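In: starting from these lines, generate the structure:
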Amino acid sequence: MKKINEQSINLANSILVTLLLSAVIITSGCKEEGPAEKTGKKLDQTIESSNEKIDEQVDALKQSIDAKEEAMKKQSETVGEVIDDAAITVKAKAAMMADPLVSAFNIDITTVQGVVKLNGAVTNQQIIDRALEIVRATPGVKSVENHLVVSTGDLR
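Out: Below you'll find the predicted structure:
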């Protein structure tokens, strides 16, 4: 009986060792990647790399669009300012032509970014004061630079 028990124990140990070795062999075989797994990993890496490149390109395009929009905005503001400046000059000139005190004098008017510059010669300070009053009342004028001078010569 003792012999049978020992044989049973030896047999059980042999079966156990065989099962354990089989489990080790099976699990070690699972750890190795086959061609499908390797291809899958490469595909995942390629997709990830492509997505990163696409994101970079999208960001670059967004920056380019933003820069172009900003440039167009500045350009339209510049065109708008030129038109506004021309309108201010025309309105101020028309108002001066309609005024009997200053209409007879050749007063040059230029406008840059809403700043009106008056140049010329007039016969007295009263005409300068009236010209400044007319220009300051013109819509869109931000400030006035007076370069008018009083001259005693024939200015008409």
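In: would you check that Leu118 makes contact with Leu132?
Out: Yes. Contact criterion Cβ atoms under 8 Å: Leu118 and Leu132 qualify, at 7.3 Å. In this view, the C-beta of every residue, glycine as well, is placed from N, C-alpha and C.
In: so these two - more neighbours on which side?
Out: With neighbours defined as other Cβ atoms under 10 Å, Leu118 and Leu132 compare such that Leu118 has more, 21 against 16.
In: who are the contact partners of the more buried one?
Out: The contact partners of Leu118, by Cβ atoms under 8 Å, 6 or more residues apart in numbering, come to Ile107, Asp108, Ile109, Ala131, Leu132, Val135, Val144, Glu145, Asn146, His147, Leu148.
In: mind listing the residues bridging to it?
Out: With DSSP bridges as the criterion, Leu118 is bridged to Ile109, Asn146.
In: measure it to Glu37 for me?
Out: From Leu118 across to Glu37, the span is 84 Å (Cβ to Cβ, to the nearest Å).
In: what about the longest helix in this structure?
Out: Taking DSSP state H as the criterion, the chain has its longest helix at helix 35-98.
In: so which other helices or strands are in contact with that one?
Out: If you count contacts as 3 or more Cβ pairs under 8 Å, 6 or more residues apart in numbering; DSSP states H and E, helix 35-98 packs onto strand 108-112, strand 115-122, helix 125-136.
In: quick one: residues contacting Gly114.
Out: Gly114 makes contacts with Glu81, Asp84, Asp85, Ile88, Gly140, Val141, Lys142, Ser143, as judged by Cβ under 8 Å, 6+ apart.
In: that's all I had, so thanks and see you.
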